[in-house]
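model this:
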Amino acid sequence: MRIAYFDCFSGISGDMILGALIDAGLDIEELKSELKKLKLTGYDISTKRTEKKGISGTKFEVIVLEKHQERHLSDIFEIIEHSSLDRKIKNKAKDVFSALAKVEAEIHNQPVEKVHFHEVGAIDALIDIVGVMIGMQRLNIEQVVASKLHVGTGFVQCAHGTLPVPAPATLKLLSNVPIYSTGIENELVTPTGAAIITTLCENFGDIPSMKVEKIGYGAGSRDLPIPNMLRVLIGDSKIEPIEDRVLLLETNIDDMNPQFYDYVMEVLFQKGAKDVFLTPIHMKKNRPGVILSVISPLNKKDELLDVLFAETTTLGIRISEVIKRQKLERKIETVDTQFGKVNVKISFTGGKIRDIVPEYEECKKIAQEYQLPIKQVYEEVKREALEKQK
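Modelled structure (predicted):
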């Protein structure tokens, strides 16, 4: 599995993430070409080598050439949706902006649709957020892990006035994320940086077992007592099984239209659930019901709880705090088959292939197009994928 580990010893921001990815090998011309799909004008991109406390890295900067209006979430979604970017890039970028809008709405006690994005809505934030998602795809990153976040202290000036560090929006985004401060009076983690890393990252902690192939440093703007750099390590995980930490959200339901479960599960997966499943049970007065169980990444708990309360009839949800789970290394590969290109998931144990699973929806589409039994398509794709691994 291709892993990116972000070492946030000096915090994190959108431009620092892009600087680190470019320093680690992201082609700047490819990035610019993809960003043009947003159809935005009035900006330029600058990258340069710089040094902070003896460490050299890449400084990424968006140069705004003309003033841009404040935007609402719907305006930003419209820009993203009207682009010709890959669907996965669009969805991830929208997830980041949704997270930002949600915390701003909660802090200012107003509906999400009325949130003004001020600095976040500026063109540089659109470039930062979408650019990071492009970089992740171009570098084939399948999993993101980060260190605990160095947040700084003191006060910061923003559109709302003078705010404490971490800013309220940043702190809200970092719920359930390990943070620390060493007394450096500066905003080290920006709201945009916090939103990006909590959207992408499943686990925060030590460097995972991996073979490091690329190292990148993304420079911040300010001069600090420590190197103002974000470090990224990119490579493949080699030691199995991988261990991560998740939450188990569960609720018993006996009074909901069973037709709704399909939709509820779909929304939960869209919001980041690792797995969703139903267990039949008998409840009080011998009424048939189900246990609705959701495996949640630590940073997705609040979003998934919101879905459960909004979309089901539950009045309460059990939360089992941090469960450790072990999982096989896995990667997604595109295989050339007699039916065309098909994605397959390959799992490993100790570097050896454990299983190959063709993508069901793609096999279904092929079966319908070629008028073949789906099991025949599935087995043929699996056979051809296995042959290519030898």
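
by contact count, what packs against the strand or helix carrying residue 95?
Counting by DSSP states H and E, the element that carries residue 95 is helix 87-108. Helix 87-108 makes packing contacts with helix 73-81, helix 123-138, helix 168-173, helix 191-200 when contacts are defined by 3 or more CB pairs under 8 Å, 6 or more residues apart in numbering; DSSP states H and E. Placement of C-beta: from N, CA and C, glycine included.

run the angle between that helix and helix 123-138 for me.
Orientation of helix 87-108 against helix 123-138 (axes from the mean of the first three to the mean of the last three CA atoms, to 10 degrees) gives an angle of 140 degrees.

buried residues in helix 87-108?
Neighbour counts over helix 87-108 (16 or more other CB atoms under 10 Å) mark 89-90, 92-105 as buried.

start to end distance for stretch 32-41?
Its first and final residues considered, stretch 32-41 spans 13 Å by CA to CA, to the nearest Å.

per-residue confidence averaged over it?
For stretch 32-41, mean pLDDT rounds to 94.

what do you get for stretch 341-349?
88.

what are the boundaries of the helices in the chain?
For the chain, applying DSSP state H gives helices covering 14-23, 28-35, 73-81, 87-108, 118-121, 123-138, 168-173, 191-200, 260-270, 301-311, 360-370, 374-389.

how is this structure divided into domains?
Here the domain assignment for the chain is 2-236, 242-327, 329-389, based on automatic domain parsing.

before we move on, the earlier item: to residue 48, which of the helices and strands packed on helix 87-108 lies closest?
helix 123-138 (16.3 Å; CB to CB).

which positions in the closest one come out as buried?
By neighbour count on 16+ other CB under 10 Å, the buried set for helix 123-138 is 123-136, 138.

can you check stretch 269-285 too?
Within stretch 269-285, the residues that qualify as buried are 271-274, 276, counting by 16+ other CB under 10 Å.

stretch 165-179 now?
Neighbour count says stretch 165-179 has 165-174, 177, 179 buried, by 16+ other CB under 10 Å.

ok, so of these, who is nearest residue 210?
residue 177 (20.9 Å).

pairing partners for the residue nearest to that closest one when sequence neighbours are not counted in the sheet, please.
In space, and not counting its chain neighbours, residue 177 is closest to residue 204: 5.5 Å by CB to CB, 6 or more residues apart in numbering. Per DSSP bridges, the residues bridged to residue 204 are residue 146.

give the contact list for residue 204.
Shown in contact with residue 204 (CB atoms under 8 Å, 6 or more residues apart in numbering): 145-149, 177-178, 298.

one more time with 7 Å
Contacts for residue 204 (CB atoms under 7 Å, 6 or more residues apart in numbering) come out as 146-148, 177-178.

in CSV, list those residues along with pLDDT and distance to residue 33.
Below are the contacts of residue 204 laid out as CSV (pLDDT from 0 to 100; distance: CB to CB, whole Å):
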residue, pLDDT, distance to residue 33
146, 97, 28
147, 97, 32
148, 97, 35
177, 93, 33
178, 94, 37
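
so what's residue 160 scoring on pLDDT?
The score at residue 160 is 69. That number is its pLDDT.

any weak-confidence spans in the stretch 51-200 of the chain?
68, 118-121, 159-160 (pLDDT under 70).

repeat the analysis, applying 90 as the threshold.
64-72, 104, 107-125, 156-163, 175-176 (pLDDT under 90).

tally of neighbours for the residue lying closest to residue 226 once chain neighbours are set aside?
Using CB to CB, 6+ apart and skipping the chain neighbours, the partner closest in space to residue 226 is residue 10 (5.7 Å). For residue 10, the neighbour count with other CB atoms under 10 Å is 28.

please name the residues that touch residue 10.
Residue 10 neighbours (CB under 7 Å, 6+ apart): 150, 188, 220, 224, 226-230.

nearest to residue 17, of these?
For these, the nearest to residue 17 is residue 230 (6.4 Å; CB to CB).

what sits against that closest one?
Here residue 230 is in contact with 6, 8, 10, 12, 16-17, 20, 218 (CB under 7 Å, 6+ apart).

possible to save those as TSV with pLDDT and distance to residue 292?
Output for the contacts of residue 230, formatted as TSV (pLDDT from 0 to 100; distance: CB to CB, whole Å):
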residue	pLDDT	distance to residue 292
6	98	33
8	98	35
10	98	42
12	98	35
16	98	39
17	99	35
20	98	39
218	98	41
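
among those residues, which pair sits farthest apart?
For these, and using CB to CB, no pair is farther apart than 10 and 17, which are 12.6 Å apart.

could you list the low-pLDDT ranges of the stretch 201-350 of the chain?
202-203, 208-211, 236-246, 284-286, 297-299, 321-335, 347-350.

on that earlier part again, list just the nearest of the buried residues of helix 87-108 to residue 157.
Distances from residue 157 to these, taken by CB to CB, are shortest for residue 104, at 17.0 Å.

what's near enough to touch residue 25?
Shown in contact with residue 25 (CB under 7 Å, 6+ apart): 139, 214.
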